[in-house]
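Peer 1: Here is the input, now give the coordinates:
(one chain, ligands or ions: 1)
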Amino acid sequence: MIYTMVMMMKHWLTTPIFDKLVAHHNKKPISFHVPGHKNGSFFAKKGASFFNEILKLDVTELTGLDDLHSPEGVILESEKLLAELYGAKRSFLLVNGSTVGNLAMIMAAIDEEDTVLVQRNCHKSILHALQLANANPVFLNPEYERQWGVAGGLSVEIVETALKKYPNAKALIVTYPNYYGIVFELERIIDLAHKHGIPVLVDEAHGAHFIAGGIFPDSAVSLGADVVVQSAHKTLPAMTMGSFLHFNSELVCLKQIEAYLHIFQSSSPSYPIMASLDLARSYIASFDEQDIDYLFKQISGFKDNLSKIPGIHVLAYPNGRGDLLKITIQAKGLSGFELQKKLEERGVYAELADPNNLLFITPLLKKGMDYPFHQLTAHLSAIMKTELIGKAGGYKRKELCFQPPAISGLTFGFKEMKNLKRRKIPIEDAVGKIAAEMIVPYPPGIPLLFPGEIISHDHIEQLQALILTGAKFQGSNDILKGYIYIY
Ligand SMILES: Cc1ncc(COP(=O)(O)O)c(C=O)c1O
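Peer 2: As a prediction, this is how the structure comes out:
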């Protein structure tokens, strides 16, 4: 827990990148270098008032400002502080989201044709990495959380079975926590994988704040994971795309991770993003016992108020333990999408809707900080009042019990798929055919169908239910018109 150590580790609160940028700005430098806005002095008038402050920090690899791809100065200093705080051997600042972290971590850990065990409800960046690596993925079905109607975490049993069935597997890739904040027995799973000599790669995109300890689940690094990727921007106060990669492995090659980050990340990394990561690390390092108590009280009070609204049900975590920052609700008579729309009409934006649920992400408040929780409570009360008075019935809960096989692979390998012809057919004719596209309801960006998978009756049922309830699909333009691509 951070707050037990923070007094001794005051240097974790320092912000070398941000300080250096401010010092550079204070010198009133004259820019004859990129970027073209020249420290903000040269910018479209229309946007200037919004962009001005941030443009002061938007510089390039000038003398003294270090280089993300070969850090020796302030960036290395910031990365060392990050590694110390999270308990990693080496940590990296990422400017292209967890997406780039997942790509680099997987490319570094596996070779072509390697068998890799993958938690099925993974983000599309995981599948993209497997595709790039020409790997042979074996998907492990997560537990289905009936009341939530969503995929949860991996069971120890399925990992045990998969490790026995695929003793030649080269890595295990898991997503912890899931989008809704649900966690599982990661420590036992890591121990199991390590007993088989394989590394555990964790997409902890939604758990950068777990390091605060106490009320939060354990962080994957502290549980012994080999490589962990976190979207700092999702739950810490960091700029969008700002992310972390932590390395702690005897089984994965650090040099390979560095090499792939070099390949995949921009050669002009954003200094505002890096500085915001510096500040976000300092922010989470400053969390003390009083902050944790305060945050817990604020969020618990908010949840209590939500559950007092007639027709609103606040979901409890399946195993009693999950991410405090996430709140998932269900509303009587309304689908998650309908409730989302009604809130947006009132200027309130939630993180994610699915057929049954609406998910809110609350901020990591420190003692004394305020947030307009009461406004959300008031809007929800007003919506539910009209909903319950005006309509009897309305939306009926969808039981989306989509159950793919517990352990499944692709019918065609990624290499083979490159040379196959694709064609478009009506969704209802697709049962038994081989999917030629990834179907990703978004958010949360978790693939329902992978290219190379046989399309089942359950797939189609779930797809049609998602379409009916207003889900969006990233990358698959024809799904909403009723078509799907097959081989
Ligand atoms: C589980 C998971 N992993 C990875 C990502 C990608 O993260 P980023 O947006 O930081 O690239 C997301 C994004 O939503 C995600 O939910």
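
Peer 1: Is the closest residue to the ligand within the stretch 251-400 of the chain bridged to anything, and to what?
Peer 2: Closest contact between the stretch 251-400 of the chain and the ligand, by CB to the nearest ligand atom, is at Leu352 (9.2 Å). Every residue, glycine included, has its C-beta placed from N, CA and C. Beta-bridge pairing for Leu352 (DSSP bridges): Leu359.

Peer 1: Around the ligand, which positions in the stretch 151-300 of the chain sit nearby?
Peer 2: Counting by CB under 6 Å from any ligand atom, the stretch 151-300 of the chain comes close to the ligand at Thr175, Tyr179, Asp203, Ala205, Ser231, Ser243.

Peer 1: Next, format these as CSV and append secondary structure, neighbour count and pLDDT.
Peer 2: Formatted as CSV, these follow (DSSP: H, G, I helix; E, B strand; the rest coil; neighbours: other CB atoms under 10 Å; pLDDT from 0 to 100):
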residue, secondary structure, neighbour count, pLDDT
Thr175, strand, 26, 97
Tyr179, coil, 24, 93
Asp203, strand, 26, 98
Ala205, coil, 27, 98
Ser231, coil, 25, 98
Ser243, strand, 28, 98
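
Peer 1: Find the pair from the residues you listed with maximum spatial separation.
Peer 2: Spatial extent of these (CB to CB) is set by the pair Tyr179 and Ser243 at 15.9 Å.

Peer 1: Ranking helices and strands of this protein by mean pLDDT, which lands last?
Peer 2: helix 2-5 (a mean of 54; mean pLDDT, DSSP states H and E).

Peer 1: which sections of the stretch 251-400 of the chain are below the confidence cut-off?
Peer 2: 390-393, 397-400 (pLDDT under 70).

Peer 1: Do a quick rundown of the helices in it.
Peer 2: 254-264, 271-285, 289-307, 336-345, 373-390 (DSSP state H, counting those that start in this stretch).

Peer 1: what's around the residue in the stretch 51-200 of the chain that the ligand sits nearest to, how many residues?
Peer 2: Distance from the ligand to each residue of the stretch 51-200 of the chain (CB to the nearest ligand atom) is smallest for Gly97, at 2.4 Å. Counted with other CB atoms under 10 Å, residues neighbouring Gly97 total 21.

Peer 1: How about the contacts made by it?
Peer 2: Applying CB atoms under 8 Å, 6 or more residues apart in numbering to Gly97 gives the contacts Ser231, His233, Thr240, Met241, Ser243.

Peer 1: tell me which of those is nearest to the ligand?
Peer 2: Closest approach between the contacts of Gly97 and the ligand, by CB to the nearest ligand atom: Ser231, at 3.6 Å.

Peer 1: Quick check, the closest one in contact with Asn96.
Peer 2: No: the pair Ser231 / Asn96 is not scored as a contact, 10.8 Å apart, by CB atoms under 8 Å.

Peer 1: Now for these two: what residues contact both?
Peer 2: Common neighbours of Ser231 and Asn96 (CB under 8 Å, 6+ apart) are Ser243.

Peer 1: For Phe412, give its distance to Pro372.
Peer 2: Distance, Phe412 to Pro372, using CB to CB, to the nearest Å: 51 Å.

Peer 1: Ala280 now?
Peer 2: 22 Å.

Peer 1: before we move on, what about Leu55?
Peer 2: From Leu55 to Pro372 the distance is 29 Å (CB to CB).

Peer 1: Who has more neighbours out of these two?
Peer 2: Comparing Leu55 with Pro372 by neighbour count (other CB under 10 Å), the higher total belongs to Leu55, at 20 against 9.

Peer 1: Could you pull up the residues touching the more buried one?
Peer 2: Residues near Leu55 by CB under 8 Å, 6+ apart: His37, Asn39, Gly40, Phe43.

Peer 1: cool, and Pro137?
Peer 2: Pro137 neighbours (CB under 8 Å, 6+ apart): Thr115, Val116, Val118, Leu127, Leu130, Gly409, Leu410, Phe450.

Peer 1: just Ile189 next, same as before
Peer 2: Ile189 neighbours (CB under 8 Å, 6+ apart): Leu154, Val156, Val159, Leu172, Val174, Val200.

Peer 1: Does it fall in a helix, a strand, or a coil region?
Peer 2: Under DSSP: H, G, I helix; E, B strand; the rest coil, the three-state class of Ile189 is helix.

Peer 1: Next, the closest residue to Arg90 other than its chain neighbours: phi, psi?
Peer 2: Using CB to CB, 6 or more residues apart in numbering and skipping the chain neighbours, the partner closest in space to Arg90 is Phe247 (4.5 Å). Note on Phe247: its backbone torsions stand at phi -120, psi 130 [degrees, to the nearest 10].

Peer 1: Which helix or strand contains Thr99?
Peer 2: Using DSSP states H and E, Thr99 sits in helix 97-109.

Peer 1: what is the rounded mean pLDDT of that helix?
Peer 2: Taken as a whole, helix 97-109 has an average pLDDT of 98.

Peer 1: Check the contact between His233 and Ser270; I expect there is one.
Peer 2: No: at 11.8 Å, His233 does not count as touching Ser270 under the criterion of CB under 8 Å.

Peer 1: what touches both of the two?
Peer 2: What both His233 and Ser270 touch, as defined by CB under 8 Å, 6+ apart, is the set Met239, Met241.

Peer 1: Who are the contact partners of Leu466?
Peer 2: Residues in contact with Leu466 (CB under 8 Å, 6+ apart) are Pro355, Pro441, Leu448, Phe473.

Peer 1: May I ask which of the residues you listed comes out lowest in pLDDT?
Peer 2: Pro441 (78).

Peer 1: so that residue sits in a strand?
Peer 2: Yes: assigned with three-state DSSP, Pro441 falls within a strand.

Peer 1: can you tell me how far it sits from Trp12?
Peer 2: 39 Å.

Peer 1: Show me which of the two is the more surrounded one.
Peer 2: Pro441 (22 against 18).

Peer 1: surely the more buried one meets Leu448?
Peer 2: Yes: counting by CB under 8 Å, Pro441 does reach Leu448; the two are 6.0 Å apart.

Peer 1: returning to that earlier point: which of the residues of the stretch 151-300 of the chain next to the ligand lies closest to Glu345?
Peer 2: Closest to Glu345, out of all of those and judged by CB to CB, is Tyr179, at 24.2 Å.

Peer 1: Test my guess that the closest one contacts Leu352.
Peer 2: Yes: applying CB under 8 Å, one finds Tyr179 in contact with Leu352, separated by 6.6 Å.

Peer 1: list the contacts for the most centrally placed residue in the chain?
Peer 2: For the chain, Ala205 is the residue whose C-alpha lies nearest the centre (CA atoms, centre = their mean; 3.3 Å). Shown in contact with Ala205 (CB under 8 Å, 6+ apart): Ser98, His123, Thr175, Val229, Gln230, Ser231, Lys234, Ser243.

Peer 1: which one of the helices of the stretch 251-400 of the chain is the most hemmed in?
Peer 2: Highest mean neighbour count among the helices of the stretch 251-400 of the chain (mean count of other CB atoms under 10 Å): helix 271-285, with a mean of 24.

Peer 1: Pull the distance from it to the chain's centre.
Peer 2: Mean C-alpha position of helix 271-285 versus that of the full chain (CA atoms, centre = their mean, to the nearest Å) differs by 18 Å.

Peer 1: send the alpha carbons of it over as CSV?
Peer 2: Only the C-alpha atoms of helix 271-285 are listed here, as CSV (Å, rounded to 0.1, in the frame of the first residue of the first chain):
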residue,chain,number,x,y,z
TYR,A,271,5.4,15.8,-24.3
PRO,A,272,2.1,17.0,-22.9
ILE,A,273,1.1,13.3,-22.7
MET,A,274,4.4,12.3,-21.1
ALA,A,275,4.3,15.2,-18.6
SER,A,276,0.7,14.3,-17.7
LEU,A,277,1.9,10.7,-17.0
ASP,A,278,4.6,12.2,-14.8
LEU,A,279,2.0,14.2,-12.9
ALA,A,280,-0.4,11.2,-12.7
ARG,A,281,2.3,9.0,-11.2
SER,A,282,3.0,11.7,-8.6
TYR,A,283,-0.8,12.0,-7.9
ILE,A,284,-1.3,8.3,-7.2
ALA,A,285,1.9,8.2,-5.2
